[in-house]
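Enquirer: Pasting a predicted model and its sequence here:
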Amino acid sequence: MLKREIREEIGVDIDILECLGYTDHIIEGQHWVAIHHLAKIRDGQEPKNMEPNKHEDMRWFPPDKLPKKLTQTTKEPVDIYLKKMIK
């Protein structure tokens with residue numbers, strides 16, 4: 001399912017490398033669980049916004065230059081990834 005979603009949203013095929021855990025939280029009275037994965041885009045593919053009617057823009061940032069405002073479901077897996085890279 002994850003591979004299909006990535007293909008639909010950014011038009012690339014991925015290899016899933018590992019699970020990075022999950023974020024369990026409540027947003028506006030709804031319970032959400034987001035499962036985080038580390039993945040690699042297969043060689044020779046460039047991501048692009050496949051849903052311009054839903055998303056105005058898509059950008060890539062190095063982990064040390066992320067925007068200040070991040071959602072909990074974005075911040076937590078980045079933190080997990082960075083901690084793993086330090087070891």
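Expert: Arrived safely, thanks for sending. Numbering: from 1, shown residues only.

Enquirer: make it CA atoms for all contacts and neighbour counts henceforth
Expert: Will do.

Enquirer: can you give me the strands for the chain?
Expert: 14-27, 30-41 (DSSP state E).

Enquirer: Output the ones you listed as JSON lines; include the columns distance to R4.
Expert: Formatted as JSON lines, the strands of the chain follow (distance: least, Cα to Cα, whole Å):
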{"stretch": "strand 14-27", "distance to R4": "9"}
{"stretch": "strand 30-41", "distance to R4": "13"}
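
Enquirer: With P52 as the reference, measure out to V78.
Expert: According to Cα to Cα, to the nearest Å, V78 stands 25 Å off from P52.

Enquirer: on that earlier part again, can you list the strands of the chain in a markdown table and add distance to D57, mean neighbour count and mean pLDDT?
Expert: As requested, these are exported to a markdown table (distance: least, Cα to Cα, whole Å; neighbours: other Cα atoms under 10 Å; pLDDT from 0 to 100):
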| stretch | distance to D57 | mean neighbour count | mean pLDDT |
| --- | --- | --- | --- |
| strand 14-27 | 21 | 13 | 93 |
| strand 30-41 | 19 | 13 | 94 |
